[in-house]
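> Predicted model and sequence follow; I will ask about them next.
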Amino acid sequence: MERIPILKMGSFLLVTVQVDMHDQLAMNLQSDLTDKIVSAKARGVLIDISALDIVDSFIGRMLGNIASMSRILDAETVVVGMQPAVAITLVELGLALTGVRTALNIEKGMDLLRASIG
Amino acid sequence: MSVLQQVLANKEAEVLSAWIAEQASDRTLQKGGSKSDALKEQSAELLGALREGVQQGNGEDIQAPGWTRTREILTDISAHLIKRGLTPAEVATFVFSLKRPLFQLVQTATAKTPEVLANELWTTNQLLDRLGLFITEVALESREKTISRQQTEMLELSTPVVKLWDGILALPLIGTLDSERTQIVMENLLQEIVRTGAGLAIIDITGVPTVDTLVAQHLLKTVAAARLMGAECIISGIRPQIASTIVHLGVDLGDVSTKATLADAFAVALRKLHLMVARMPHSGTSTE
Amino acid sequence: MTGKGEILPLRASEDVVIVRQRVRALAAQEGLKLVDQTKIVTAASELARNTVIYGRDGTALLEAVEAGGRRGVRLTFEDRGPGIADLQLAMKDGYTTGGGLGLGLSGSKRLCNEFEIESKVGVGTRVTITRWR
């Protein structure tokens, strides 16, 4: 089955979403990530969505779920690189992604994770 | 062969010189450069095209293919006159100034047959009216194009996003904000945030006289969008009047940080980046 | 109004991806700005997913439209599903029968310039949206 690769960098996991995800692929990513957080003893998750040209309510919900689940597993999630047009559209759609932390790029996302984990 | 056809075919030179004289005596057209060679040449060209158009028997339907050349020349002339500062109505007088010379020659040619005269004058008049309307329309169109181009340019000019410090952008808004302008400005800001990687942006509305519900909502949506991208916005320069409007309109600013002045907002931004401004110790006399 | 349309099937979740890509191509071709393209593609994604989840034999019709000198994109999502009994309720933010966020209908309405919905219980649902340049 199609899968989005998850990279491990120290105590962080990095996911770069580069394909237009159909719903099942997004669901797979969600369960793969939670598994990997546990197996890799990860403290932080970075999800880079700079290549995504839309985020609809389904993907938005998935991002929210990943953030809450990882928090329960004692890992912080930061979503990085959302494009301006995507952000404007999400706001209009009515999705605030409350509970999801964001950063402009991977580097700033890392800083944010390091600072919050201490 | 109609009389108009004959006049244009046999007396073209005569019509042209009478027309040019007519143009030269017209004040409006003087402003359009009626004494210049450029306009004289264009007049001669137009007359030639007119002759061909009439000869091909296209009648008064000036959208017909036989009038293509005439329409092209009129479009050129319109552009020329508009550039010289003529209004669309004044541009039309260029075509109408052909009436007198043409009527006179048609009249001379049909002096002995009044019924023919009336008929010929009517068709000639109608043709020139249509050409006059056409050139007015072209002139109006080009003016509208200029206006919309200028509007876009003005929007771009009036919305600079400036860098205050590494990681701090400012958007000083000046003048009335309508919904469209706010949208463009905000998109601009978000793009600059991505391009520069600045995590903090100050939207300063000191120079904005009024804020309506729609504009306030656009501001809030921008702040929300920036947050989704991972940047934080501070709104500064909210004057008391605007503050009361916002409350009155029932717009909820929520947890958006606001500061009275741009300087206050800048201080907050510096603090968030763990930066501070310090006085240099005794720098006054150290340049010996 | 001129329309040369393209009809795409909506049966599985992969079809939603194809609809998104085709709508993006059409919106770009019609000269919509990037933000407006993103809005109509997102709305299309929401409505296409609704059609796949709730409808049967669903289709999406993609058209380029022109009116009064303006160009735009019109999308029609049609299915032969169970229909919606209470449209007003279905249009409310947060209302869902499918376990989603309940933003599909209400949210996509906010993302376009024109929104029209028709539904008959036992017959099906048709949603038409338009985004102008």
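Noted; the coordinates are in hand.

> pLDDT-wise, which helix or strand of chain C ranks last?
For chain C, using mean pLDDT, DSSP states H and E, the weakest element among its helices and strands is helix C:87-90, scoring a mean of 88.

> Let me know whether it sits next to chain A.
No. Judged by CB under 8 Å from any CB of the partner chain, helix C:87-90 and chain A are separated, with a smallest distance of 14.7 Å. (Glycine included, C-beta is placed from N, CA and C.)

> Just the buried residues of that helix, please?
By neighbour count on 16 or more other CB atoms under 10 Å in any protein chain shown, the buried set for helix C:87-90 is C:Ala90.

> Other residues contacting it?
C:Ile84, C:Tyr95, C:Leu105, C:Ile117, C:Ser119 (CB atoms under 8 Å, 6 or more residues apart in numbering or on different chains).

> what about B:Ser142, how many residues close to it?
B:Ser142: 17 surrounding residues under other CB atoms under 10 Å in any protein chain shown.

> in chain C, which spans are strands?
Remark: strands assigned in chain C by DSSP state E are C:6-10, C:58-67, C:70-79, C:114-120, C:124-132.

> Which one of those lies nearest to C:Val35?
The closest of the strands of chain C to C:Val35 is strand C:124-132. By CB to CB, the value is 10.6 Å.

> Redo the contacts of helix C:87-90 as JSON lines? Include pLDDT.
Conversion of those to JSON lines gives the following (pLDDT from 0 to 100):
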{"residue": "C:Ile84", "pLDDT": "90"}
{"residue": "C:Tyr95", "pLDDT": "84"}
{"residue": "C:Leu105", "pLDDT": "90"}
{"residue": "C:Ile117", "pLDDT": "94"}
{"residue": "C:Ser119", "pLDDT": "92"}
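
> which among those gets closest to B:Thr93?
Closest approach to B:Thr93 among those (CB to CB): C:Ile117, at 55.1 Å.

> show me the residues around the residue nearest to that closest one when sequence neighbours are not counted that make contact.
Take C:Ile117 and drop its neighbours on the chain: the residue closest to it by CB to CB, 6 or more residues apart in numbering or on different chains is C:Val127, 4.9 Å away. For C:Val127, the contact set (CB under 8 Å, 6+ apart) comprises C:Leu47, C:Asn50, C:Thr76, C:Phe77, C:Glu78, C:Leu105, C:Phe115, C:Glu116, C:Ile117, C:Glu118.

> Quick check on those: which are buried?
For the contacts of C:Val127, buried by 16+ other CB under 10 Å: C:Leu47, C:Asn50, C:Thr76, C:Phe77, C:Glu78, C:Leu105, C:Phe115, C:Ile117.

> any idea which of those is closest to chain B?
If you rank the buried ones among the contacts of C:Val127 by distance to chain B using CB to the nearest CB, C:Phe115 comes first, at 19.0 Å.

> State the distance from the closest one to C:Ala43.
C:Phe115 is 9 Å from C:Ala43, where distance means CB to CB, to the nearest Å.

> Give the intersection of the neighbour lists for those two.
Shared contacts of C:Phe115 and C:Ala43 (CB under 8 Å, 6+ apart): C:Ser108, C:Ile129.

> ok, now which ones touch the residue nearest to B:Arg84 when sequence neighbours are not counted?
In this structure, B:Arg84 finds its nearest non-sequential neighbour in B:Gly32, 5.0 Å apart by CB to CB, 6+ apart. Going by CB under 8 Å, 6+ apart, B:Gly32 touches B:Leu39, B:His80, B:Leu81, B:Arg84, B:Leu86, B:Glu90, B:Val91, B:Phe94.

> Would you agree B:Val3 is in contact with B:Glu120?
Yes. B:Val3 is within contact range of B:Glu120, at 4.5 Å (criterion: CB atoms under 8 Å).

> any residues in contact with both of those two?
Common contacts of B:Val3 and B:Glu120 (CB under 8 Å, 6+ apart): B:Val106, B:Thr110.

> and C:Glu63, what pLDDT?
pLDDT recorded at C:Glu63 is 96.

> Spit out the contact partners of the closest residue to chain C within the stretch 51-200 of chain B.
Nearest to chain C in the stretch 51-200 of chain B, going by CB to the nearest CB, is B:Glu187, at a distance of 6.2 Å. The contact partners of B:Glu187, taken as CB under 8 Å, 6+ apart, are A:Pro84, A:Ala85, A:Ile88, C:Val35.

> Look up which helix or strand the second one falls in, please.
A:Ala85 belongs to helix A:84-93 when assigned by DSSP states H and E.

> which parts of chain C sit against chain A?
Taking CB under 8 Å from any CB as the contact definition, chain C meets chain A at C:13-14, C:16-17, C:20-21, C:24, C:34-35, C:37-39, C:41-42, C:45-46, C:49, C:93, C:100-101, C:103-104, C:106-108, C:110-111.
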